[in-house]
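Trainee: Sequence and predicted structure are below.
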Amino acid sequence: MGWTIDLQATAEPDVAEVYDVIVIGGGPAGLSAALYAGRSGLRTLVLDKSPRASALGMTERIENYPGIPGAISGLELLERLRDQARQFGAEIVTAQVLSSDVTVDPKEVIASTGIHRGRAVIVATGAMARKQTLPGEEAFVGRGVSYCAICDAAFFHGQEVAVIGDNDEAVEEALHLARFASTVHVVLPTGRFKADPELVARLQSMEPVRVIPDHRVTAIFGNGRVEGIRLRPRSGGQEWVLPVGGVFVYLQGNRPAIDYLHGAVSTDPSGCVRVDEQMQTSVPGVFAAGDVLCRRVRQAVLAAADGALAAMAAERYLSGRQALRSQW
């Protein structure tokens with residue numbers, strides 16, 4: 001690696017502070033887990049990088065969620081779930097989870113906000129990670145390629161950087177980078193942003209930002225460190241080179257987003273988390289819910305049910321009981 005994450009530079013929580021349950025992910029599975037855990041009297045923390053970064057948050061219209069008559073946007077549904085979880089005492093923090101050690105006691109989750117500790121962890125980060133990397137991406141991770149501007153922006157002070165992506169996460173990270181970089185080139189795989197219009201307007205009003213629409217990255221290259229990217233117009237045309245010192249990648253796919261677990265829990269050959277009938281993974285005290293399980297049918301209501309069961313199983317684990325306690 002060309003640099004390390006300075007956790008002391010973040011707002012690290014009191015090292016003595018230990019939550020009963022840390023929920024990683026703020027979609028329907030994670031928020032339902034937080035609601036049930038909070039209602040059980042467990043001190044609960046939710047780490048969620050952005051409601052708009054989830055599959056549900058990108059859904060414009062939902063008409064079949066129980067108890068919600070008529071149509072509703074995914075974002076509005078998530079906000080209702082967040083409010084309900086907070087009513088039962090859950091703490092929701094906007095943070096990107098970077099790493100973890102779930103084999104220790106208490107378990108440690110390392111995020112952009114610092115090190116968070118919990119007696120149990122519920123994994124609910126969905127399945128929007130990528131199976132394929134860009135040519136050259138893996139070779140330059142830590143040497144110019146990054147996935148966290150909050151962590152690494154200061155390393156690129158006065159340099160030109162590229163942000164690849166058109167979603168909320170990409171826009172928010174580009175906004176942060178604009179405080180440090182001389183120029184932020186935002187490469188859109190399509191012709192338009194798929195992000196909050198207010199965020200996009202803020203980004204486009206900033207002097208160091210240059211938007212490059214309808215281009216795909218064909219390679220990230222350099223000699224020891226990133227020196228640039230190769231771009232090709234999606235409509236065809238000649239490939240060209242953009243010299244940059246850093247590349248921040250915010251593209252999405254459809255595989256479980258669990259890289260921060262570093263292989264600690266058992267998965268199937270497709271990378272889907274294996275759980276027992278009570279949502280526990282191969283690591284005691286670590287539970288999983290929602291799309292990380294790769295259910296055959298992906299529906300918000302099914303993810304919410306997973307989250308509720310995972311929270312009840314976490315409560316059983318922490319109390320030392322053999323059976324789940326029913327909640328109505």
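Mentor: On my side now, so go ahead. The structure presented is a predicted model; accordingly, all values stated were derived computationally and were not measured.
Trainee: Check the offset of the biggest strand by length in the chain from the chain's centre.
Mentor: Assignment by DSSP state E gives strand 114-123 as the longest strand of the chain. Here strand 114-123 is found 15 Å from its chain centre; the criterion is Cα atoms, centre = their mean, to the nearest Å.
Trainee: Mind listing what's buried along that strand?
Mentor: 114, 115, 116, 117, 118, 119, 120, 121, 122, 123 (16 or more other Cβ atoms under 10 Å). Where you see a C-beta, it was placed from the backbone N, CA and C, and this is true even at glycine.
Trainee: Check the separation of the first and last residues in stretch 236-245.
Mentor: Stretch 236-245 has its terminal residues 26 Å apart, counting by Cα to Cα, to the nearest Å.
Trainee: Tell me where the stretch 201-328 of the chain is predicted with low confidence.
Mentor: Scanning the stretch 201-328 of the chain for pLDDT under 70 picks out the ranges 296, 326-328.
Trainee: can you rerun that using 90?
Mentor: Low-confidence segments of the stretch 201-328 of the chain (pLDDT under 90): 235-237, 250-255, 269-270, 294-300, 320-328.
Trainee: tell me which element residue 241 falls in.
Mentor: Assessed by DSSP states H and E, residue 241 sits inside strand 240-243.
Trainee: Tell me how far that strand lies from the chain's centre.
Mentor: 29 Å.
Trainee: Partner strands of it, with direction?
Mentor: Here strand 240-243 has these sheet partners by DSSP bridges: strand 226-233 (antiparallel).
Trainee: And the partner strand, what's buried?
Mentor: 226, 228, 229, 230, 231.
Trainee: Save those as TSV, and put in distance to residue 163 too.
Mentor: Shown next, in TSV, are the buried residues of strand 226-233 (distance: Cβ to Cβ, whole Å):
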residue	distance to residue 163
226	13
228	14
229	11
230	16
231	13
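Trainee: Please identify which of these is nearest to residue 192.
Mentor: Of all the buried residues of strand 226-233, residue 192 sits closest to residue 231, with 17.3 Å by Cβ to Cβ.
Trainee: excluding its backbone neighbours, what's nearest the closest one?
Mentor: residue 215 (4.6 Å; Cβ to Cβ, 6 or more residues apart in numbering).
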